[in-house]
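S.K.: My questions concern the predicted model and sequence given below.
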Amino acid sequence: GAVVSQHPSRVICKSGTSVKIECRSLDFQATTMFWYRQFPKQSLMLMATSNEGSKATYEQGVEKDKFLINHASLTLSTLTVTSAHPEDSSFYICSARVQGAPARYGYTFGSGTRLTVV
Amino acid sequence: GENVEQHPSTLSVQEGDSAVIKCTYSDSASNYFPWYKQELGKRPQLIIDIRSNVGEKKDQRIAVTLNKTAKHFSLHITETQPEDSAVYFCAATAENTGNQFYFGTGTSLTVIP
């Protein structure tokens, strides 16, 4: 089935630095990638939707200059948390929509990234 | 757009009892409703799904029911086991449109041995 590889799985960074999270689709072309943020035992909060080759669409309240999303190819999307602060500490997870596949096979999650900003 | 609500937010049951989680949706165009189980720090895993042309679906101890008229669907877990403890999410989408999945707020299920 469709697999999305997400790296890193865990990252600790200092306040003020930037962190890049990568999601790669391994055996399919991910024309659309969704980026979520999740707090412990809470739901997935959609941050932005990226389509290959175009600018990401951000959800209300998400700072696009802080959470930079790049989807330059059909197999790679990146989320860069710029000038990270402790309140950015969270679990970030991507998911990809597999074009043309039935929904049950067409929505696959990355393994998530636990970001801790100290 | 679609709005999915999920209840309860937390649920504790004794091992062997049943657990029921309920979701409602607002967009009548939604026709695909998956349920995900997420263990701490891991990716959500699809456990069961239902389409709008079906009222009920069962897979061993897990079942999902859908009431299209009332726009609500429920997850039923019978004979719960400690390994069922996790966060469960419902979702809704209009299949084949390429739309995002709209997730419920999640239910943290604890099965007490």
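M.R.: That came in fine, so what should we check first?
S.K.: hey, let's count contacts and neighbours off CA atoms from now on
M.R.: Fine.
S.K.: hey, which helix or strand in chain B has the poorest pLDDT?
M.R.: Every helix and strand of chain B was ranked by mean pLDDT, DSSP states H and E. The lowest is strand B:102-103, at a mean of 89.
S.K.: err, chain A, not the other one
M.R.: strand A:107-109 (a mean of 85).
S.K.: just to revisit the earlier point, what comes into contact with the least confident helix or strand of chain B?
M.R.: A:43-44, B:2-4, B:89-93 (CA atoms under 8 Å, 6 or more residues apart in numbering or on different chains).
S.K.: In its sheet, which strands sit next to it, and in what direction?
M.R.: strand B:86-92 (antiparallel) (DSSP bridges).
S.K.: Next, the buried residues of the partner strand.
M.R.: Using 16 or more other CA atoms under 10 Å in any protein chain shown as the test for burial, strand B:86-92 gives B:86-92.
S.K.: pLDDT (mean, whole number) over that strand?
M.R.: On average, the pLDDT along strand B:86-92 is 94.
S.K.: ok, now stretch B:18-38?
M.R.: Averaging pLDDT along stretch B:18-38 gives 95.
S.K.: Next, see if that stretch gets close to chain A.
M.R.: Yes - against chain A, stretch B:18-38 shows contacts by CA under 8 Å from any CA of the partner chain at B:32, B:34.
S.K.: so how far is the first residue of that stretch from its last?
M.R.: 19 Å (CA to CA, to the nearest Å).
S.K.: thinking again about what came up before, what is the nearest of the contacts of strand B:102-103 to residue B:25?
M.R.: Nearest to residue B:25 among these: residue B:4, at 4.5 Å, using CA to CA.
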